[in-house]
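Enquirer: The sequence and its predicted three-dimensional model are supplied below.
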Amino acid sequence: MNGVVQNDAWREEYNTLKEQYTELKRLKEEVKKLEKSCFTSSQKQLKKLSTIKKQLSKGTSGQEVTAKEVTEVEESLKKIRETLPQPNNLFLRSIVGSINVTIPNSEDKLVYKERYENFKRNVTIVICILSLLAIWIRGYTRLPEFILQFVSAWFYLALTVREQILIRNGSKISTWWVLHHYFSIAIAGIFLIWPEGECYRNFQMQFLYFTLTISGIMYLQFIYQKGQLYKLRTLGRAHQMDFVQDAGMRSRSMGDLYFLVPFLLYTYVFQLANSYRLYNMYYMQECQTLWQVPILGVLFFIVALGNTWTLALVLVRKYNS
């Protein structure tokens, strides 16, 4: 071969690609500038809107601006800001840094949300299987428990990161559920570093049965609430980016909640039982030097109390409506 190939078509395609890429970079820079400009303008609009709302409440707006118009503009600004890059909150900055996590395309948002839901379901099944395995061979090795605890800590951390990204992109989730996952990360992490010993063995089986129970109930809850969310979307009562876990709570029928409430209450009572057991263990001689015991007891109590209070508020609100 003389090292020379006559292929003008290939050269022309390559030059076209270079031109397209150059144009793409130029357009991206323009889009980036427009996004910054829109974000700055939206912040100014929010400040002006806040001033107008205060004036309306005092009856001193001095212009023909109605409360309905203010509400419409506020909703419009919210949708605009959901598609614009924004600074990450403290949690996201600690995990992904300053990377832009805004998903501008509605279709891509739905795809990301569906993958989140499938991830949650699949890992819940894995945790259930690991719990059964750890119970089955608990007398031989603690390896399955280490794997279970590591997967649980990673699962809640991954859930929290994905939920923060979804919230940034328009999904709605109650503040308590965000806090609940922070507590769950702490609980799983503390169990992971709890040293082997008599104190741990006193709580070992209760913890394994609790993990098995909560993973099984989470899976049943997911299957039921996914059906409820589909129904709410069909009726126009739910947003496309709403979470599966909120669907059963948002249904207008009290009857729809009767399926979930017994399972949820059983889980919350189990959490209180864990807290009470750990409280009593703290006074045992072999447990008094372990900080994991009182901390876990307090965390289980907070989670149980927060879950019960949230459920009670939902039931009262639905009963009154």
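Expert: Thanks, I have the structure now. Remember, predicted model here, so these are calculated numbers, not experimental data.
Enquirer: so which strand or helix has E19?
Expert: helix 8-58 (DSSP states H and E).
Enquirer: What's the mean pLDDT across that helix?
Expert: Mean pLDDT, helix 8-58: 87.
Enquirer: Likewise for stretch 217-224?
Expert: 80.
Enquirer: cool, and stretch 157-171?
Expert: 86.
Enquirer: Might you quantify the distance of it from its chain's geometric centre?
Expert: Offset of stretch 157-171 from its chain centre (C-alpha atoms, centre = their mean, to the nearest Å): 5 Å.
Enquirer: same thing with stretch 209-219?
Expert: 19 Å.
Enquirer: do the same with stretch 179-198
Expert: So, by C-alpha atoms, centre = their mean, the centroid of stretch 179-198 is 19 Å from its chain's centroid.
Enquirer: do the same with stretch 93-107
Expert: The answer for stretch 93-107 is 14 Å, by C-alpha atoms, centre = their mean.
Enquirer: circling back to that earlier point, counting contacts, what elements does the helix holding E19 pack onto?
Expert: Packed against helix 8-58, as judged by 3 or more C-beta pairs under 8 Å, 6 or more residues apart in numbering; DSSP states H and E, are the following elements: helix 67-82. The way it works is simple: take the backbone N, C-alpha and C, and place the C-beta from them, glycine included.
Enquirer: Just the CA trace of whatever helix or strand comes next after the helix it packs on, in PDB.
Expert: Sequence-wise, the next helix or strand downstream of helix 67-82 (DSSP H and E) is helix 90-96. The C-alpha trace of helix 90-96 is given here as PDB (Å, rounded to 0.1, in the frame of the first residue of the first chain):
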ATOM      1  CA  LEU A  90     -25.900  21.500  50.600                       C
ATOM      2  CA  PHE A  91     -26.600  17.800  50.400                       C
ATOM      3  CA  LEU A  92     -26.200  17.600  46.600                       C
ATOM      4  CA  ARG A  93     -23.100  19.800  46.700                       C
ATOM      5  CA  SER A  94     -21.500  17.300  49.200                       C
ATOM      6  CA  ILE A  95     -22.200  14.400  46.800                       C
ATOM      7  CA  VAL A  96     -22.000  15.700  43.200                       C
END
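Enquirer: what ranges do the helices span in the stretch 151-300 of the chain?
Expert: Using DSSP state H, counting those that start in this stretch, the helices of the stretch 151-300 of the chain run over residues 175-192, 198-234, 247-250, 254-258, 261-281, 292-320.
Enquirer: most packed of those helices?
Expert: helix 247-250 (a mean of 21; mean count of other C-beta atoms under 10 Å).
Enquirer: That one - what's its average pLDDT?
Expert: Here the average pLDDT along helix 247-250 is 46.
Enquirer: dump the residue contacts of V65.
Expert: Taking C-beta atoms under 8 Å, 6 or more residues apart in numbering as the criterion, V65 is in contact with I52, L56.
Enquirer: nope, Y209 is what I meant
Expert: Neighbours of Y209 in contact, by C-beta under 8 Å, 6+ apart: I135.
Enquirer: mind checking pLDDT for it?
Expert: Reported pLDDT for Y209: 93.
Enquirer: From Y276, how far off is K120?
Expert: Counting by C-beta to C-beta, to the nearest Å, the separation of K120 from Y276 is 29 Å.
Enquirer: Correction: the previous question concerned Y116.
Expert: 34 Å.
Enquirer: same thing with F183?
Expert: 17 Å.
Enquirer: ok, now N88?
Expert: 39 Å.
Enquirer: In the stretch 51-200 of the chain, where is pLDDT below threshold?
Expert: Across the stretch 51-200 of the chain, the ranges flagged by pLDDT under 70 are 59-64, 139.
Enquirer: same check, this time on the stretch 201-321 of the chain
Expert: Applying pLDDT under 70 to the stretch 201-321 of the chain flags the ranges 225-257, 321.
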